[in-house]
Every structure is written in structure tokens, then in C-alpha cells.
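Engineer: Below are the sequence and a predicted model; questions follow.
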Amino acid sequence: MPPPAIPEAIELLVLQGTGFCNIDCSYCYLPGRTDPRRMSDETLRTVLAKVLRSRFVADALTICWHAGEPLVLPRSFYARAIALAASLAPPGLRLTHNIQTNGLLIDEAWCGFLREHGIRLGLSLDGPAFLHDAARRTRSGEGTHARVMRGVALLQRHRVPFHVITVLRSESLDHADALFDFYVEHGVREVAFNIDETDGVAPVSSHAGPGAGAALRGFFRRFLERMRGAPGAISLREQVWATPAIANGLPEGYNQEAEPFRIVSVTRDGRMASFSPELLGTQSAAHGDFILGDLMREDLETIRVRTERSRLAAEIAAGVAACRDRCAYFRFCGGGAPGNKWAEHGSFDATETAYCRLMRKTLIDCVLEDMEVSLGLAG
Ligand code: SF4
């Protein structure tokens, strides 16, 4: 995706309708996920008005409901939010709503609502039950796979499009075939992979040990091989992203997470952060809680100026510059995720992380290899 038409434009507005989550995944990085408080209508109205009536929206904006389990809130909350956003949006703005859900609460009524409003749905599903239930459990320790699969069946019956996000733990990497077969068997067509990262309040990544690179390389090689053998069966986000990046490089300024305001994340009480969404809720001696302003009391212009002049922005820019100078993968990566650099190094002025080694460098190498095999160039 190219940078926006105006460099200040907000592309992604992450709204935390509630921080509460109804389950307790072992790798979750969200603090406060037992807090049941929700965004009030007044906060919703104020935040949407300040963003949508500002000069910081260009031609497209995605509103993502995340940072907690969005479906624990009633549909009436989203109905009000969607109507309000539509009424405040400037003419011609392409406004998209995304929900990232754990899928447990999907029922017939939610399917109708998601379809009616064209909401793009991301579903967290870590593959077959033996992989999924090892990490995605309720607070009483029960696996959630069966309930998520009921949600999958309902979405499919009601023709609600969705994509699946699978978190790969180190244990998953021996099971590329099982994952591929699972998606195909259950009609999952769009897949994205993450790894359990060292991030936020999450425990240390399961990929921290030696051999992680080789294991991930083996996984992606096999998964891409299976995809080659079944053309069109699955669309893999990482391949969709990496293929044009390898062919053409990324445009300067591509890295959403490293540019002020390209991503704006707002807590349920109207305080906002920018850069990597997972910084919201993180505490640090140097940067406090990473909150850059309070939309209930301040306008976006004031917060923008503060953000540009912040030590945080300067350190993130220094980290991107260091990546540009030192890393051969920079043109495919754009300098990495600041939140991840912080979690791993306690500094933004850093370059390589375990995450980028695995999910950028190794991944790009694997997609490149796959392209060479597909083109008959592998020797
Ligand atoms: S791959 Fe890592 S070191 Fe290279 S540019 Fe990206 S974040 Fe920086």
C-alpha cells in the first residue's frame, strides 16, 4: 500500500470499545483485559468528531475495533458508532470498519449485523484443536476451539467474509501440513500468521531460543510448498505483502507504525497514542504510558504538534534511520515495528529484533525462494 496522499493522514484508527476480554490466551499482550468498563457514547461521539472532522483524514480510513474482545459489547453500540461515523465523515471518504474477534460470541444475530454493515472480520484461530487449545483458553482453563469452530460454521452459513489470524508458537512450526489441511478442510481461504511476540505484558516469546529461525524457515517453506501444490486454495497475507515488496521495494514512508499519526489508537476513555498500537497500555520510565494526548480535552492539532516534537518520535525516527543504514532488508521492511523494538531492546533507537529476524528476514527469504521455484529459477 502506498503512503497516503497527505503525509499527516490517519490511515488506521484503533478504537478500544472495551479492554475486557472473555478469555485469557497465554500469549496475550493486552493489560487490563479483566476491566469491564466500556467507551461511553459521549467519548465515542467526541473521538469520532475530532478525527473525522479534522484535516487528518484523506481519502480512506479504517476504523478497527480491537484491544479487548469487541463482541462483548452489544450490537447497538456498534450500530450507533457506524451511523455516527457515517454522518461525520467528509464526502467521498472511504470508511471501513474492522473487528478483530476471538469468535466465541458469534451467533446468528452477529452474522446478520456483520453482513448488513459490511464489517471486515478478523478471527483469531490457531489451527486444529491441539494447537489452538494449548494457548487460547478461558479463565477456567478450558479450550475454546469448539466454540470458535461453531462461529466459523455460522459465518460460512451466512456468507460473512472473514480472514483468520493464526499465532504460531514454536510448537506450531512442526505442523505446517496439519495447519494447511485444517484451513482447506474448513473452507478458510484467507490466512495471516503472527508469532507470539515479546510485547506489551506478554511473557517471553516461545521463539526466543536458538534454532527459531531454522524452525520458522522450515515451516514457511513447507506451507508455501503446499500452497504451490493447491493454487488458489489459500491466500496468505505474508505472501501477498512480501511479493510486491520483493519485486519493487516499499515506497519511502511506507512503515505505518513508524510515522506519527498514520495509526492512532484510542483508549475507551478517549486518551490516544500513535505508532505501534501495542504501545497503548505499556509503561516505561522514559516515556510514561505512551499516551500523547486526551481527545476529551484537546484537539488533534495540539496532539499532533506534541507528537512531532516528542522524544518518542525522535527515537523512533532514529531507529528507522539506523535500519536504513545497516539492514539489507530495509527496502522490504521500512524499519520494523517500534513496539517490538521497545519490547525486545527497551529502546526505539535499535535495529534488529527477534521478531524482524523471523517475520521479516526469514519470511522474505522464503517468499523469494518460493518465487524462484515457481518461476523455475531455483537451482
Ligand atoms: S528487518 Fe529488522 S533490522 Fe531490517 S529494516 Fe526491518 S526492523 Fe530494521
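Structural biologist: The structure has been received and is ready for your questions. Numbering: from 1, shown residues only.
Engineer: what stretches of the stretch 101-250 of the chain score poorly on pLDDT?
Structural biologist: Along the stretch 101-250 of the chain, segments meeting pLDDT under 70 span 198-203.
Engineer: In it, which residue sits nearest the ligand?
Structural biologist: The minimum distance from the stretch 101-250 of the chain to the ligand, using C-beta to the nearest ligand atom, falls at residue 250 (10.3 Å). From N, CA and C alone the C-beta is placed, and that goes for glycine too.
Engineer: could you pull out the helices for the chain?
Structural biologist: Under the criterion DSSP state H, helices of the chain are mapped to 41-52, 75-88, 108-116, 129-135, 145-157, 176-185, 212-229, 237-248, 300-308, 311-326, 330-333, 338-345, 354-356, 363-374.
Engineer: Those into a markdown table, with extra columns for mean neighbour count and distance to the ligand?
Structural biologist: Formatted as a markdown table, those follow (neighbours: other C-beta atoms under 10 Å; distance: least, C-beta to the nearest ligand atom, whole Å):
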| stretch | mean neighbour count | distance to the ligand |
| --- | --- | --- |
| helix 41-52 | 18 | 29 |
| helix 75-88 | 16 | 33 |
| helix 108-116 | 16 | 35 |
| helix 129-135 | 18 | 26 |
| helix 145-157 | 17 | 32 |
| helix 176-185 | 17 | 23 |
| helix 212-229 | 18 | 13 |
| helix 237-248 | 15 | 11 |
| helix 300-308 | 16 | 21 |
| helix 311-326 | 17 | 3 |
| helix 330-333 | 20 | 3 |
| helix 338-345 | 24 | 7 |
| helix 354-356 | 21 | 3 |
| helix 363-374 | 18 | 8 |
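Engineer: Show the contacting residues for residue 62.
Structural biologist: By C-beta atoms under 8 Å, 6 or more residues apart in numbering, the contact list for residue 62 reads 11, 12, 13, 95, 96, 97, 98.
Engineer: One more pass at 7 Å, please.
Structural biologist: 11, 12, 96, 98 (C-beta atoms under 7 Å, 6 or more residues apart in numbering).
Engineer: right, and the second one touches residue 64 too?
Structural biologist: Meaning residue 12. Yes - using C-beta atoms under 7 Å, residue 12 makes contact with residue 64 at a distance of 6.2 Å.
Engineer: So the two - more neighbours on which side?
Structural biologist: Neighbour count, other C-beta atoms under 10 Å: between residue 12 and residue 64, residue 64 has more, with 21 against 18.
Engineer: So what pairs up with the more buried one in the strands?
Structural biologist: Per DSSP bridges, the residues bridged to residue 64 are residue 14, residue 98.
Engineer: Now do the same for it: its pLDDT.
Structural biologist: pLDDT recorded at residue 64 is 97.
Engineer: circling back to that earlier point, just put the contacts of residue 62 in CSV and tack on distance to the ligand.
Structural biologist: Output for those, formatted as CSV (distance: C-beta to the nearest ligand atom, whole Å):
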residue, distance to the ligand
11, 20
12, 19
96, 27
98, 25
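Engineer: and the gap between the residue in the stretch 251-379 of the chain that the ligand sits nearest to and residue 128?
Structural biologist: Distances between the stretch 251-379 of the chain and the ligand by C-beta to the nearest ligand atom are smallest at residue 336, namely 2.4 Å. Distance, residue 336 to residue 128, using C-beta to C-beta, to the nearest Å: 31 Å.
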